[in-house]
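Undergrad: model the following, please.
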Amino acid sequence: MILDFAILESRLGYSFFDKQLLVDALTHSSYAYEQDVAVRDNQRLEFLGDAVLQLVVTEHFYRTLSDTSEGEMTKLRSGIVCEPTLVLVAHSLELGSFLRLGHGESLAGGNENPSNLSDAVEAVLGAIFFEGGYGAVREVILRLFGPYFELALEGRLIYDYKSRLYEWAQAKGDKVISFSVLEESGPPHDKTFRVGLWINGVLAAEGSGQSKKAAEQQASREYFHGRNRSDS
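TA: Alright, predicted model coming up:
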């Protein structure tokens, strides 16, 4: 476990003096609930980390975008401080392999659950701030989120592919978009939907997710990525 922490700390660019803080940040509530002794989960650190991330991103845009309006900075910040970007950061750290999950949560693939991953990133940031202060966590955030700052400024940090798809269809003028559920699987409380994207009556892409909306977003994303590959 010490070696694992050393690997994660190297990726973070921050070494914890109190390793228990990092343990707490990686502990899901399901794991804490299953233990016979009191174990802290990462919810309080996640609450702290969310506020710290908001502040660092806000400060960064305020300092670097001197001629940008409040509304535009708010829009840029919302693209950074959101679950999809946090999940990308989690993947860059391979954070899922470090999470402490309860048995059921682990079996359900909790180490790849977007909510678990995004919460854990914020919890780790909260732990860094709690121990190392603002300067330390600011340095980590600017390094980890730097590529996404650039994408946001270039207008390429896009997650709402479904809206983008409808805008594209409207601009083309001859495209009719529709979605339909191809398959539902899993128990009622944990369903997975496979959805087809149809353009002018032709199946153009498929996507899956734990809700119909999520599956539609995934199908839209797959369509755009497929177009980009074919154009390259």
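Undergrad: I'd like the distance between D174 and D160.
TA: Separation of D174 from D160 (CB to CB, to the nearest Å) stands at 23 Å. Placement of C-beta: from N, CA and C, glycine included.
Undergrad: so the two - more neighbours on which side?
TA: D160 (13 against 6; other CB atoms under 10 Å).
Undergrad: the more buried one touches Q217, doesn't it?
TA: Yes - between D160 and Q217 there is a contact under CB atoms under 8 Å: 7.3 Å.
Undergrad: sec struct for K213, please.
TA: With DSSP: H, G, I helix; E, B strand; the rest coil as the basis, K213 sits in helix.
Undergrad: find the nearest non-adjacent residue to it, please.
TA: K162 (8.0 Å; CB to CB, 6 or more residues apart in numbering).
Undergrad: what strand or helix carries the one you found?
TA: Secondary structure assigned from DSSP states H and E places K162 in helix 161-172.
Undergrad: what about that helix, distance to the chain center?
TA: Centre-to-centre, helix 161-172 and its host chain are 24 Å apart (CA atoms, centre = their mean, to the nearest Å).
Undergrad: what does it contact?
TA: Helix 161-172 is contacted from outside by 158, 175-177, 197, 199, 213, 216-217, 220-221, 223-224, using CB atoms under 8 Å, 6 or more residues apart in numbering.
Undergrad: could you list the buried residues of that helix?
TA: 161-162, 165, 168 (16 or more other CB atoms under 10 Å).
Undergrad: out of the residues you listed, which one has the lowest pLDDT?
TA: pLDDT across the buried residues of helix 161-172 is lowest for Y161, at 79.
Undergrad: for R63, see how far away that residue is.
TA: Applying CB to CB to Y161 and R63 gives a distance of 31 Å.
Undergrad: and the residue lying closest to E9 once chain neighbours are set aside, which of the three is it?
TA: Leaving aside its chain neighbours, E9 sits nearest to S15 (4.8 Å; criterion: CB to CB, 6+ apart). With three-state DSSP as the basis, S15 sits in coil.
Undergrad: let me see the mean pLDDT of the helix ranked longest in the chain.
TA: Ranked by residue count, the top helix of the chain under DSSP state H comes out as helix 43-64. Helix 43-64 carries an average pLDDT of 96.
Undergrad: redo the buried residues of helix 161-172 as CSV? Include distance to E150.
TA: Compiled in CSV, the buried residues of helix 161-172 are given as follows (distance: CB to CB, whole Å):
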residue, distance to E150
Y161, 20
K162, 24
L165, 24
W168, 24
